[in-house]
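Visitor: Take this sequence and fold it.
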Amino acid sequence: MRKRAAALCGAAVVMAGTFTAVPAEASAPSTAHPTPQTAKLSWKNCATENYPTLQCASLKVPLDHRRPQGKKITLALSRVPHTARTYQGPLLVNPGGPGGSGLTLAGFVASSLPAKVAAQYDVIGFDPRGVGASKPALDCKPGHFDPVRPNSLPSTRAIERANLDRAKSFAAACGKKYGHLLPYINTTSAVRDMDAIRGALGARKINYFGYSYGTYLGAVYARYFPERVRRLVLDSVVDPTDVWYEANLNQDVAFDDRHRAFLAWVAEHDSTYRLGTDPDKVEARWYAMRAALAKKPADGTVGASELEDTFIPGGYYNGYWPLLAEAFAAYANGKDDGPLVEAYESFGAVDASGDNGYSVYTSVQCRDAGWPRDWRQWRKDNWAVYHKAPFMTWNNAWYNAPCAFWPTESLRPVNVANGKLPPVLLFQATGDAATPYQGAVTTRRLLARSSLVVERGGGNHGITLSGNACLDEHLAAYLADGTVPRGHGEADAVCDALPDPEPGTAGTSASARGTSASSKGSALHGLLGFRH
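Guide: Just a heads-up that it's a prediction; the model follows:
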């Protein structure tokens, strides 16, 4: 949960007004606006320059849904209202995480879908419990990621102890500040919040569109409330059978492959970066840079762990490769660490929203499923993976290590197998590192009547509304009238990936606008963030 786009609550408000919620027909499109009912939500204009029709509201829900009259918490919601006479109900959107804010994503999705399709939906964003503008928002230990951290590679027992102390102190801080909340920060509570949102919207059914962890959130909602699902889109699909300890070990191998793909791309563009034409030798230079920074951090800020933090986002989105390659080349060729520090500040540094996101990430993942409580198991498993995939393994282990010491008991993962749903549409890139390809294949099998659209040769995480017209045509057709492709084998439809970027085309702006693939991809990935 790294740096994210600015939270919606900090965006410029254009004007203020109040709107009442209207009930949404959720079984079939209506040809006229529904008749308003007694308002449960009060929508106020919170427009931004990029999203001028965005509205915001809040909803109180039970902290413990088993005790609906007990303590309440507040969820922050956003909406881009429908404008067409044909109305297909609310479309809830989620960017993943866990810990990602979905408020601005509503504006992005509404503006990125074909106008005729978006106009038929109320696109609803929300900050899940504990996140962003929802109250209370968690921040267990501000500054937990401040540089320079201990080297992630525990090559000595002293380094291992230093990293373990960080993990234990974070878990303890969460327990001390939020012990009364932590039992209720989990996926099953979040899906009950989603159903409360549905009820407040006056909808019998919802449409849902989730990225990354948002795919698991959607699948669990569908398991709990299958009769309330109208359409379900899952992009970059979590494997629901290995949450969450095994999922992270599987990620490590996939991220190593993706990092090597980046290094091979650098080698292909040796005329620009002058780091060599042999990918193996370019890789050796990257690890030499890491070793040098472990001894002497760049600008007293970017050590070995921070270097990994900086380059991990390149595994999520290849639009970042040019900027990362420039920083790598400047340091490796000329010992110029300025671009590297700048890249760290763009991709690796954790701000207040990142502290919040990480606090929710750990709270959900540590509560959702069982984690080994014996550190010797972590040590054994991560060293075994490291020898095959060194790039992210130990960085990822320490990122999740608070779960070994978490102050709540673990729940059991949800079996999302479901034969009661309408047609469901899945999207997956074959080389996705954050949610490896097999997870989508497994989910297609578990969700009867689901269809899988594969981006062949793609490695990005979050692939629809990111510039690939083939993928977006399938998405638009499904949201327009429920059409899904039906094929044979693992995939029901295949789209070719977009080409990798050219040097000098780095896209880093979370608010980038425009019609080009690079600007769409940059805008989306600025909202999705990192560490899903």
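
Visitor: Okay, strands next: where are they in the stretch 101-250 of the chain?
Guide: Secondary structure of the stretch 101-250 of the chain by DSSP state E, counting those that start in this stretch: the strands cover 122-127, 206-211, 229-235.

Visitor: Would you mind measuring from the nearest residue in space to S134 that is not next to it in sequence to F209?
Guide: Of all residues not flanking S134 in the chain, D127 sits nearest, at 4.2 Å (CB to CB, 6 or more residues apart in numbering). All C-beta spots, glycine's among them, are computed from the backbone N, C-alpha and C. Noted for D127: a distance of 16 Å to F209, by CB to CB, to the nearest Å.

Visitor: Over to A167?
Guide: Taking CB to CB, one finds A167 at 34 Å from F209.

Visitor: Neighbour count for those two, which is higher?
Guide: F209 (27 against 23; other CB atoms under 10 Å).

Visitor: who does that one bridge with?
Guide: Following DSSP bridges, F209 is listed with bridge partners V93, V233.

Visitor: can you tell me which residues contact it?
Guide: By CB atoms under 8 Å, 6 or more residues apart in numbering, F209 lies in contact with L91, L92, V93, N94, V109, V233, D235.

Visitor: If I follow the layout properly, L234 ends up in contact with L425?
Guide: Yes. L234 is within contact range of L425, at 7.5 Å (criterion: CB atoms under 8 Å).

Visitor: With neighbour numbers in mind, choose between those two.
Guide: Just comparing L234 and L425: by other CB under 10 Å the higher neighbour count belongs to L234, 31 against 26.

Visitor: ok, now how distant is the more buried one from V416?
Guide: For L234, the distance to V416 - CB to CB - is 10 Å.

Visitor: Same question for G357.
Guide: From G357 to V416 the distance is 24 Å (CB to CB).

Visitor: what about the spatially closest residue to G431 that is not a sequence neighbour, how many residues close to it?
Guide: Excluding its sequence neighbours, the residue lying closest to G431 (CB to CB, 6+ apart) is G459, at 3.5 Å. Using other CB under 10 Å, G459 has 23 neighbouring residues.

Visitor: And G487, by the same measure?
Guide: For G487, the count of nearby residues is 13 (other CB under 10 Å).

Visitor: Not counting its neighbours along the chain, what's nearest it?
Guide: G487 sits nearest to A493 (CB to CB, 6+ apart), 6.1 Å away.

Visitor: Not counting sequence-adjacent ones, nearest residue to P423?
Guide: V484 (4.6 Å).

Visitor: pLDDT at the residue positioned nearest the centre of the chain, what is it?
Guide: By CA atoms, centre = their mean, the chain has its centre lying nearest to G96, at 3.3 Å. Here the pLDDT value assigned to G96 is 98.

Visitor: Against L113, how distant is the residue nearest to it when sequence neighbours are not counted?
Guide: Among residues not flanking G96 along the chain, S212 sits closest, at 3.0 Å (CB to CB, 6+ apart). Distance, S212 to L113, by CB to CB: 19 Å.

Visitor: ok, now how distant is R444 from D309?
Guide: Taking CB to CB, one finds R444 at 33 Å from D309.

Visitor: what does A288 give?
Guide: According to CB to CB, A288 and D309 sit 19 Å apart.

Visitor: Comparing those two, which residue is more hemmed in?
Guide: Neighbour count, other CB under 10 Å: between A288 and D309, D309 has more, with 27 against 11.

Visitor: name the element the more buried one belongs to?
Guide: helix 304-311 (DSSP states H and E).

Visitor: which strands and helices sit next to whichever helix or strand comes after that helix?
Guide: Beyond helix 304-311 in the direction of the C-terminus, DSSP H and E gives the next helix or strand as helix 313-316. Here helix 313-316 touches helix 245-268, going by 3 or more CB pairs under 8 Å, 6 or more residues apart in numbering; DSSP states H and E.

Visitor: Let me know the angle separating the helix it packs on from helix 304-311.
Guide: Between helix 245-268 and helix 304-311, the angle comes out at 80 degrees (axes from the mean of the first three to the mean of the last three CA atoms, to 10 degrees).

Visitor: mind listing the helices for the stretch 351-500 of the chain?
Guide: Assigned by DSSP state H, counting those that start in this stretch, the stretch 351-500 of the chain shows helices spanning 352-368, 375-386, 393-400, 438-446, 469-481.

Visitor: can you give me the helices for the stretch 1-150 of the chain?
Guide: Remark: helices assigned in the stretch 1-150 of the chain by DSSP H, counting those that start in this stretch are 103-112, 115-118.

Visitor: Dump the ones you listed into CSV; add mean pLDDT and mean neighbour count as well.
Guide: As requested, the helices of the stretch 1-150 of the chain are arranged in CSV below (pLDDT from 0 to 100; neighbours: other CB atoms under 10 Å):
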stretch, mean pLDDT, mean neighbour count
helix 103-112, 98, 26
helix 115-118, 98, 15
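
Visitor: Compare the ones you listed and give me the one nearest A261.
Guide: helix 103-112 (26.3 Å; CB to CB).

Visitor: now the angle between strand 206-211 and the closest one, please.
Guide: Using the same axes, to 10 degrees: helix 103-112 against strand 206-211 is 100 degrees.

Visitor: Put the alpha carbons of helix 103-112 into PDB.
Guide: In PDB, the C-alpha atoms belonging to helix 103-112 read as follows (Å, rounded to 0.1, in the frame of the first residue of the first chain):
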ATOM      1  CA  LEU A 103     -13.800   7.400  -3.800                       C
ATOM      2  CA  THR A 104     -12.000   8.800  -6.800                       C
ATOM      3  CA  LEU A 105     -12.200   5.500  -8.700                       C
ATOM      4  CA  ALA A 106     -15.900   6.100  -9.200                       C
ATOM      5  CA  GLY A 107     -15.100   9.200 -11.200                       C
ATOM      6  CA  PHE A 108     -12.400   7.400 -13.200                       C
ATOM      7  CA  VAL A 109     -14.700   4.500 -14.100                       C
ATOM      8  CA  ALA A 110     -17.600   6.600 -15.000                       C
ATOM      9  CA  SER A 111     -15.400   8.800 -17.300                       C
ATOM     10  CA  SER A 112     -13.500   5.800 -18.800                       C
END
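
Visitor: How about residues contacting it?
Guide: Under CB under 8 Å, 6+ apart, the answer for helix 103-112 is 5, 7-9, 11, 48, 50-51, 53-54, 56, 76-80, 91, 93-95, 118, 121, 123-127, 132-133, 209, 465, 520, 523-524, 527.
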